[in-house]
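Asks: quick one, fold the following:
(one chain, ligands or ions: 1)
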Amino acid sequence: EGPIDTSKTPETVRQEPYPIHSSFEWTTLDLESDHDLDQLYELLYDHYVEDHDATFRFAYSRNFFNWALKPTGWRQDWHIGVRVKDTGRLIAFISGVPCDLTIRGRDIKSVEINFLCVHKQLRSKRLAPLLIKEVTRRVNLQNIWQALYSSGTVLPRPVSTCRYGHRPLNWSKLYEVGFSSLPPNETKASMVAKTTLGSEPKTKGWRKMEEKDISTVWKLYDAWRDRYDISQIMTKDDIKHWIYGGHQQDGKVIHTFVVEDEETKEVTDYISFYVLPFTVLQNPKHKQIGIAYLYYYASTVGLGKTNKDEENQELLKKRLKSLVNDAMIEAKKVDIDVFNALSSQDNTLFLDDLKFGAGDGFLNYYVFNYRTSHIDGGMDETDHDFGKNGSGVGVVLL
Ligand SMILES: Cc1c(C(=O)c2nccn2C)oc2cccc(OCCCNCc3cccnc3)c12
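Replies: So this is what the prediction gives:
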């Protein structure tokens with residue numbers, strides 16, 4: 001296990017951008033400017049990833065880009081665009097953000113590559129491979145030689161593969177947009193009844209995360225990640241950015257809750273989700289579906305015991321069911337229609353019991369220029385259904 005190509009240094013890296021078709025030009029987006037943020041928003045809103053039968057398209061918000069693309073240590077020259085020379089129109093984008101990893105005990109300086117997007121009318125002009133080469137070059141110039149990325153499509157050698165899970169919170173709307181279907185021997189009323197949750201969280205001591213919780217949540221996060229074969233190293237500043245997310249309320253992207261022990265006033269657990277809607281393409285009644293994605297969580301119940309002994313797993317399973325159930329109740333309050341989670345982390349401990357349906361999608365994880373043996377993605381080897389005892393994947397990609 002380890003880096004594959006260790007021969008290069010920043011001095012041996014090409015110093016100028018790769019050549020590009022004469023009608024296009026490289027550009028660096030300034031995401032501190034509303035104009036550039038708007039152009040990025042428009043490009044991805046119309047041209048980013050859709051589901052396989054083009055019913056839905058990701059609808060990343062401006063707030064989402066400010067969260068996803070400006071973490072601690074972000075670099076403007078890693079927000080790479082391609083413009084049409086004559087018009088200045090943005091027609092392609094790719095991003096890199098710092099993301100140091102631990103893979104089976106080895107710490108690796110790395111970046112996370114995301115938001116690769118090419119305008120629909122300019123596909124198959126080899127722009128995507130060129131964008132990947134250019135962001136690799138600019139990352140290598142900073143003496144970083146590994147990169148983490150995910151894809152729904154299969155490319156050479158994923159380090160892990162996880163299964164999509166979906167928990168309907170607004171079943172009738174999901175039915176109307178064609179995402180949920182009516183199982184045999186069920187009625188709409190019975191499906192709504194089956195998927196309705198309580199109106200208020202039940203976990204004792206449950207409350208929203210506040211700025212004062214950052215260092216406790218950081219300790220929980222840092223101890224918890226030892227459970228996994230791959231995880232992201234986070235400083236307290238990273239926790240403040242990725243998990244606390246600031247006090248903004250309208251159009252809030254990251255929602256995090258903590259559990260405060262009533263006697264000791266200690267924070268013993270936290271759980272978070274991020275909001276990323278889908279545009280519904282061609283539906284007379286609904287324009288968007290609200291989607292929340294399970295993000296990071298940790299509990300002192302399972303903390304530090306990386307051995308996953310039977311009795312501890314049972315305790316943790318019970319705890320996680322309570323935390324995720326309450327997180328979904330909070331998600332429903334902010335108009336989420338479906339709560340998504342992968343078979344990663346310790347999610348398979350609760351996906352079935354909390355009525356997550358296994359989706360027809362898989363998410364493949366890749367680490368560029370790093371050889372590692374396969375990491376358990378929480379799926380059952382034979383039928384690819386949700387496994388039974390957690391996974392080795394501790395990193396959540398947006
Ligand atoms: C995408 C996605 C979907 C859906 O497509 C979906 N949900 C409701 C309706 N649909 C069609 O369902 C998931 C469940 C868990 C994690 C997920 O994604 C994990 C994070 C995705 N990262 C970005 C990305 C984009 C495209 C391909 N791969 C990754 C997803």
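Asks: quick one: secondary structure of F115?
Replies: Following DSSP: H, G, I helix; E, B strand; the rest coil, F115 is assigned to strand.
Asks: any idea what the spatially closest residue to it that is not a sequence neighbour is bridged to?
Replies: Closest residue to F115 apart from its sequence neighbours, by C-beta to C-beta, 6 or more residues apart in numbering: S95 at 4.7 Å. Just so you know, the C-beta spots here come from the backbone N, C-alpha and C atoms, and that holds for glycine as well. With DSSP bridges as the criterion, the beta-bridge partners of S95 are H79, N114.
Asks: hang on, isn't S95 packed against D77?
Replies: No. Counting by C-beta atoms under 8 Å, D77 is not a contact partner of S95; they are 10.9 Å apart.
Asks: can you give me the buried ones in stretch 241-260?
Replies: For stretch 241-260, a neighbour-count test (16 or more other C-beta atoms under 10 Å) marks 241-245, 253-260 as buried.
Asks: try stretch 102-115
Replies: The neighbour-count criterion (16+ other C-beta under 10 Å) identifies T102, I103, I108, S110, V111, E112, I113, N114, F115 as the buried residues of stretch 102-115.
Asks: same check, this time on stretch 150-165
Replies: Neighbour counts using 16+ other C-beta under 10 Å place S150, P158, V159, S160, T161, C162, R163, Y164, G165 of stretch 150-165 among the buried residues.
Asks: over to stretch 263-280?
Replies: Residues of stretch 263-280 classed as buried under the neighbour-count rule (16+ other C-beta under 10 Å) are 267-280.
Asks: which one of those sits closest to the ligand?
Replies: Checking the buried residues of stretch 263-280 against the ligand with C-beta to the nearest ligand atom, the nearest one is F278 at 6.0 Å.
Asks: note down every partner strand of the helix or strand where V367 lies and its orientation.
Replies: V367 is located in strand 357-368, with elements delineated by DSSP states H and E. Neighbouring strands of strand 357-368 in its sheet, by DSSP bridges, are strand 146-151 (antiparallel), strand 160-168 (antiparallel).
Asks: now tabulate these in TSV and tack on distance to the ligand and mean pLDDT.
Replies: Shown next, in TSV, are those (distance: least, C-beta to the nearest ligand atom, whole Å; pLDDT from 0 to 100):
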stretch	distance to the ligand	mean pLDDT
strand 146-151	5	97
strand 160-168	4	97
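Asks: reformat those strands as JSON lines; add distance to Y48.
Replies: Compiled in JSON lines, the strands paired with strand 357-368 are given as follows (distance: least, C-beta to C-beta, whole Å):
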{"stretch": "strand 146-151", "distance to Y48": "13"}
{"stretch": "strand 160-168", "distance to Y48": "17"}
